[in-house]
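A.B. asks: my questions concern the predicted model and sequence given below.
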Amino acid sequence: MSAQGENNRVTIFDTTLRDGEQSPGAAMNREEKVRVAQALEAMGVDVIEAGFPAASEGDFEAVGTIAREVRESSVCGLARARRKDIDRAHEAIRAAPRHRIHTFISTSPLHMTHKLGMDPEAVVEAVHDSVTHARGLVDDVEWSAEDATRTDPDFLCRCVETAVKAGAGTVNIPDTVGYSFPEEYGSLIRMLLERVPGADAINLSVHCHDDLGLAVANSLAAVQNGARQIECTINGLGERAGNAALEEVVMSLRTRRDRLPFGHGVRTEHIMKTSRLVSAFTGFQVQPNKAIVGRNAFAHEAGIHQHGVMANAQTYEIMTPESVGLTESNLVLGKHSGRHAFRAKLEELGYALDEASVDDAFARFKALADRKKEVFDEDVVALVDDAVHAHGERVRLNDLDIHCGTRTRPQTAALSVMVDGAERTATREGDGPVDAIFNAIRAVVPNEARLQLYQVHAVTGGTDAQAEVTVRLEAGERTYNGQGADTDTLVASARAYLAALNKLLNQKTKEGEDLLSA
Ligand code: KIV
Ligand code: ZN
C-alpha cells in the first residue's frame with residue numbers, strides 16, 4: 001500500500017473565496033471575505049483558498065487581510081504559471097503562519113491550443129518553472145492541471161511527474177468542466193498513483209465542478225482511490241453549476257464512515273452558520289431541498305414521516321440536525337429583555353461585535369420586539385447582520401412613506417435619508433411601491449448602477465415575520481450585494497438597496513470618485 005493509501009486523513013481545502021466568489025454575481029467585499037474566512041477557520045477547514053491576488057488590487061488586499069487574520073488554517077493564494085503572478089500571491093499570503101501557493105496551467109489539448117496557444121513542450125516547461133519558482137518562495141506548493149479530466153493520460157502523467165520533481169507537495173487533478181463519471185475519475189486518480197514516480201509521497205487532490213451533478217460523487221470516488229485532499233465550497237458555490245459542496249463532502253465522510261473510513265478536521269456543527277453567512281453575503285439563496293443546508297433538509301412534513309421520526313428519529317434521519325448546527329428554533333428575548341441578555345444571546349449565536357455594533361443591533365432588536373410578539377434566533381441573526389452591514393454606512397435610511405394599493409396609481413415613495421449626517425429627501429413615483437422607493441433613492445444619490453437582482457424571503461414563519469431582502473446592483477465590471485431585514489418588506493427593500501449602494505460608494509471612493517459630493 002502506498003504512503004497515500006496509509007494516510008487516512010482527508011485535507012479539506014475550501015475555495016469559496018476564490019472559485020466560489022468567481023461565479024457571476026457572488027462578489028463579496030473585503031470585510032465579508034474576512035468574516036467568511038474566520039467562519040471557515042472556526043469550522044476547522046485545513047486550507048482556505050482566499051483568492052487570486054494577481055487578478056486585481058482588491059483581490060490582493062483581501063487575501064492579504066485574511067492572511068493577517070487567520071492563524072489556524074493555511075491561507076492559500078492562486079497564481080497562473082507566471083513568475084509575476086506567483087510573486088504577487090506570495091506577497092499576499094506570507095503574513096499567515098501557514099501559507100500555500102497554488103499555481104496552475106491547462107493541460108488538455110483544447111485548452112493548450114485555444115486558451116493558452118502553447119504546445120505541450122512549452123506547458124511542461126511552464127509547470128517546471130512555475131513550481132520551482134514557487135518552491136523558492138514557500139515550502140507548501142500546490143500545482144493544478146486545469147482541465148485534467150480531458151487531458152491525454154500520458155501527458156497528464158508527464159506533467160504531474162514534472163510538478164512532483166519540482167517540489168509540489170500537493171497535486172490537484174481538476175474536473176474543470178464537470179465532465180467525469182465517478183468510476184472514471186476514481187480510475188484516473190488510481191492510474192496517477194500507480195504510474196507517476198513519487199506520486200504516493202505527495203498529497204493528491206481533487207477539484208470537481210458540478211455540471212452533471214456529480215461533483216461530490218466524483219470527489220468521494222477519488223478519495224476511495226487514493227486522493228487525500230478535496231477542494232470544495234460552502235453551499236457548492238462556484239462558476240456555472242458550482243463546485244463540490246463542502247457540507248455534502250464532510251457529512252458523507254461523517255455519516256458513511258463504514259464506506260469512507262477517513263478522518264478530517266471539520267467541526268460539522270459550524271456548517272449551518274457558515275452556509276447562512278455565505279448565502280447572505282453573496283445573495284445566493286440556498287434551494288429549500290439542497291442536501292444538508294436546505295431549509296427542508298431536516299423537515300418532516302408528511303404525517304407518516306413525522307410519526308416515524310417522533311417514535312424514533314432514525315426512521316427517516318441519517319444525520320441529526322444538531323450535527324450540522326441546526327438547533328431548535330429558540331424563542332429568545334421579549335421586549336422587556338435588557339442589553340445584558342441580548343449580548344449573551346449574541347455570544348451564544350457566535351457573534352463577537354464591537355460596542356457600537358451591539359448598540360445598533362440592540363436598538364433594532366427593541367424596535368423589532370415592539371412589533372413582533374416572538375423574536376427567534378433567526379430574527380436576531382437577520383437584524384444583527386443588517387446592523388453590522390449598516391454600521392459606518394454613509395447613506396442611511398431615515399424615513400419612508402409609501403402610497404400604494406389597488407386604487408392608487410401611480411404608487412409614490414417619500415424618502416428621507418441621512419447622507420454623511422445631513423438629510424436629503426425625495427418623492428418619486430413608480431410602477432409599484434418598490435420601484436417608487438428605488439427611484440427615490442436614485443434621486444437622492446444619483447448613480448448609474450443597474451438593478452440585477454431583487455429577492456425577498458421570510459426569516460421565520462407567520463405573517464409578522466421579518467422579510468429579508470437582497471438587492472444586487474451592477475456598475476461597470478462589479479456587482480454589489482446588499483441585505484435588509486424588517487417586518488415591513490418595503491422598509492427592508494429600501495435598506496437592502498441602500499446597503500448595496502453604500503458598498504458601491506465605498507468602492508468608488510477607493511477609486512478616487514466621491515458620488516456623494518455631487
Ligand atoms: O476548475 C479548475 O480547474 C480550477 C483550477 C484553477 C484549480 O478552478
Ligand atoms: Zn474550479
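C.D. replies: Yep, it's here. Just so you know, these numbers come straight off a predicted model, no measurement behind them. Ligands and ions are numbered 1, 2, ... in the order given.
A.B. asks: what parts of the stretch 151-300 of the chain come near ligand 1?
C.D. replies: In this structure, the stretch 151-300 of the chain approaches ligand 1 at residues Asn172, Pro174, Thr176, His207, His209, judged by C-beta under 6 Å from any ligand atom. Backbone N, C-alpha and C define where each C-beta goes, glycine included.
A.B. asks: who's in contact with the residue lying closest to Pro97 once chain neighbours are set aside?
C.D. replies: Nearest residue to Pro97, sequence neighbours excluded (C-beta to C-beta, 6 or more residues apart in numbering): Arg71, at 6.0 Å. Residues in contact with Arg71 (C-beta atoms under 8 Å, 6 or more residues apart in numbering) are Glu41, Ala96, Pro97.
A.B. asks: kindly confirm my reading that Arg71 is in a helix.
C.D. replies: No. In this structure, Arg71 is coil, not part of a helix, as judged by DSSP: H, G, I helix; E, B strand; the rest coil.
A.B. asks: pLDDT at it, what is it?
C.D. replies: Note for Arg71: predicted pLDDT of 97.
A.B. asks: still on that earlier bit, and which of the contacts of Arg71 is nearest to ligand 1?
C.D. replies: Ala96 (19.8 Å; C-beta to the nearest ligand atom).
A.B. asks: so Gly283 sits right up against Arg472, yeah?
C.D. replies: Yes. Between Gly283 and Arg472 there is a contact at 5.3 Å, judged by C-beta atoms under 8 Å.
A.B. asks: shared neighbours of those two, anything?
C.D. replies: Gly25, Leu453, Asn481.
A.B. asks: which of these ranks first by neighbour count?
C.D. replies: With neighbours taken as other C-beta atoms under 10 Å, the top of the shared contacts of Gly283 and Arg472 is Asn481, carrying 26 neighbours.
A.B. asks: surely that residue meets Ala27?
C.D. replies: Yes. Using C-beta under 8 Å, Asn481 is in contact with Ala27, at 7.1 Å.
A.B. asks: what do the two both touch?
C.D. replies: Contacts common to Asn481 and Ala27, judged by C-beta under 8 Å, 6+ apart, are Thr282.
A.B. asks: quick one on the thing from earlier: pLDDT, distance to ligand 1 and secondary structure added to the shared contacts of Gly283 and Arg472, as TSV?
C.D. replies: Shown next, in TSV, are these (pLDDT from 0 to 100; distance: C-beta to the nearest ligand atom, whole Å; DSSP: H, G, I helix; E, B strand; the rest coil):
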residue	pLDDT	distance to ligand 1	secondary structure
Gly25	87	18	coil
Leu453	93	25	strand
Asn481	90	22	strand
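A.B. asks: partners of Val141 in the sheet?
C.D. replies: Counting by DSSP bridges, Val141 is bridged to Ile101.
A.B. asks: how about the residues of the protein near ligand 1?
C.D. replies: So the chain meets ligand 1 at Asp19, Phe104, Ser144, Glu146, Asn172, Pro174, Thr176, His207, His209 (C-beta under 6 Å from any ligand atom).
A.B. asks: apart from its neighbours in sequence, what residue is nearest the second one?
C.D. replies: Looking back up the chat, that one is Phe104. According to C-beta to C-beta, 6+ apart, the nearest residue to Phe104 is Ser144 (3.7 Å).
A.B. asks: again with the first one
C.D. replies: Distance criterion C-beta to C-beta, 6+ apart; nearest residue to Asp19, sequence neighbours excluded, is Gly238 at 5.0 Å.
A.B. asks: any idea how many residues pack against Gln452?
C.D. replies: Neighbour tally, Gln452, other C-beta under 10 Å: 17.
A.B. asks: partner strands of the one helix or strand it maps to, with direction?
C.D. replies: Under the criterion of DSSP states H and E, Gln452 resides in strand 450-458. As defined by DSSP bridges, the strand partners of strand 450-458 come to strand 467-475 (antiparallel).
A.B. asks: got phi/psi on Arg424?
C.D. replies: phi -130, psi 140 (degrees, to the nearest 10).
A.B. asks: oops, could you answer that again for Glu121 instead?
C.D. replies: Per degrees, to the nearest 10, the backbone of Glu121 is at phi -60, psi -40.
A.B. asks: pLDDT score for it?
C.D. replies: 98.
A.B. asks: what does the one 10 residues further on give?
C.D. replies: Model confidence at Val131, given as pLDDT, is 98.
A.B. asks: name the nearest residue to it, ignoring sequence neighbours.
C.D. replies: Ala166 (3.7 Å).
A.B. asks: distance of the one you found from Val380?
C.D. replies: For Ala166, the distance to Val380 equals 51 Å [C-beta to C-beta, to the nearest Å].
A.B. asks: compare the two (neighbour count), which wins?
C.D. replies: Between Ala166 and Val380, Val380 has the larger neighbour count (other C-beta under 10 Å), namely 24 against 18.
A.B. asks: and the more buried one, what helix or strand is that in?
C.D. replies: Using DSSP H and E, Val380 falls in helix 377-390.
A.B. asks: try Pro174
C.D. replies: Counting by DSSP H and E, Pro174 is found in strand 170-175.
A.B. asks: kindly report the same for Ala241.
C.D. replies: Per DSSP H and E, Ala241 falls between elements, in no helix or strand.
A.B. asks: got phi/psi on the nearest residue to it once chain neighbours are set aside?
C.D. replies: Sequence neighbours aside, Asp210 is the residue nearest to Ala241 in space, at 4.2 Å (criterion: C-beta to C-beta, 6+ apart). For Asp210, the backbone dihedrals are phi -110, psi 30 (criterion: degrees, to the nearest 10).
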